[in-house]
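Colleague: Based on what follows, work out the 3D shape:
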Amino acid sequence: MMACLMVVPAVDADTYSNIDGETLVAVESEHDYAFTYESSEGEFEYKAKLVNSKGETQTSAVSPSSGSISGTTTLSVEFPKDAGDYTLVVEVNEESDDDNVVDTISLAINVVKPVTLTVTLSTAEDLDLSGFGVYFYIDDERMEDSYTTFDLTMAGTAEVTYDWIVLPDGKAHTFWVEPSVDGVVVVEGLGEKHTFYFGDNDYTAYIAVVILMVVVFAIALIWVYRKPVKNFGKPKARR
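Modeller: Have a look, this model is predicted:
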């Protein structure tokens, strides 16, 4: 019976913990996360950090990285320039006892390099399109965060771009832009669909092997071509 009492956790059953925020983010971006820790035992101390897939802590990635918690607080996270799998980890300690971790809450986050989509719009007429707004559509879905504007006050061209934050899936995707308001606008490029392939395979190693094989084959071919032909003389007649 005493052994059973020894394994009772320090935090009672009336504890609620959670980390709420984006789980798919762009490299070198900053996001806020709502960390909640509520316990009937009152206030606790916490330490927060961002670790990569190797378990290495990213320096100065979380702010504040420590403090007191009894409810909800905001953690600001700056993500590194390297894409990969990261985890936001928060360790909760009893007050004034940093060595006694009573709970660990974590959130897995995918950090990716955005896909930059670009569309060139043009007009042959002198139109006043200052601040003309458009949305990007990807695979028949309007990207609500893609709203952007461009200026065309005379005949010419303008470019609009959108950074699409998505996990590589090895599939082909279609995108285009549409005006944010209804109406007929004489601008080439609006509604014109573009297809791109967003693969998740890195073929660098395969390309290097193929190039190496081509070089070796070329050297062997040159060696065979330039190899001198040995003349062993006229063969002796058979007796």
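
Colleague: residues in contact with the residue nearest to Trp164 when sequence neighbours are not counted?
Modeller: Distances taken as C-beta to C-beta, 6 or more residues apart in numbering place Val115 nearest to Trp164, at 4.5 Å, with adjacent residues excluded. Heads up, the C-betas are built off the backbone N, CA and C, glycines and all. Going by C-beta atoms under 8 Å, 6 or more residues apart in numbering, Val115 touches Asp163, Trp164, Val166, Phe196, Phe198.

Colleague: right, and the second one touches Tyr137 too?
Modeller: No. Between Trp164 and Tyr137 no contact is recorded; they are 11.3 Å apart, counting by C-beta atoms under 8 Å.

Colleague: shared neighbours, these two?
Modeller: Met143, Phe175.

Colleague: got the buried residues for the helix or strand harbouring Val111?
Modeller: Element membership for Val111, per DSSP states H and E: strand 97-112. By 16 or more other C-beta atoms under 10 Å, the buried positions in strand 97-112 come out as Val102, Asp103, Ile105, Leu107, Ile109, Val111, Val112.

Colleague: and what of stretch 112-121?
Modeller: Buried residues in stretch 112-121, counted by 16+ other C-beta under 10 Å: Val112, Val115, Leu117, Val119, Leu121.

Colleague: what pLDDT, on average, does it get?
Modeller: Per-residue pLDDT over stretch 112-121 has a mean of 94.

Colleague: Same check on stretch 18-28?
Modeller: 97.

Colleague: Do me a favour and get the end-to-end distance for it?
Modeller: Counting by C-alpha to C-alpha, to the nearest Å, you get 24 Å between the two ends of stretch 18-28.

Colleague: Can you list the buried residues in that stretch?
Modeller: Neighbour-count burial for stretch 18-28 flags Ile19, Gly21, Glu22, Val25, Ala26 (criterion: 16+ other C-beta under 10 Å).

Colleague: now Val115: how far from His173?
Modeller: Using C-beta to C-beta, to the nearest Å, one gets 9 Å for the distance from Val115 to His173.

Colleague: got the angle between the helix or strand hosting Asp85 and strand 97-112?
Modeller: Under the criterion of DSSP H and E, Asp85 resides in strand 84-94. Relative orientation of strand 84-94 and strand 97-112, computed by axes from the mean of the first three to the mean of the last three C-alpha atoms, to 10 degrees: 160 degrees.

Colleague: Pull the CA coordinates from strand 84-94 and hand them back as CSV.
Modeller: What follows is strand 84-94, C-alpha atoms only, in CSV (Å, rounded to 0.1, in the frame of the first residue of the first chain):
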residue,chain,number,x,y,z
GLY,A,84,12.2,20.5,-40.2
ASP,A,85,10.3,19.0,-37.3
TYR,A,86,10.4,21.0,-34.1
THR,A,87,8.7,20.8,-30.7
LEU,A,88,7.6,23.5,-28.3
VAL,A,89,8.3,22.0,-24.8
VAL,A,90,7.1,23.5,-21.5
GLU,A,91,8.2,22.0,-18.3
VAL,A,92,6.2,22.9,-15.2
ASN,A,93,7.9,22.9,-11.8
GLU,A,94,6.7,23.3,-8.3
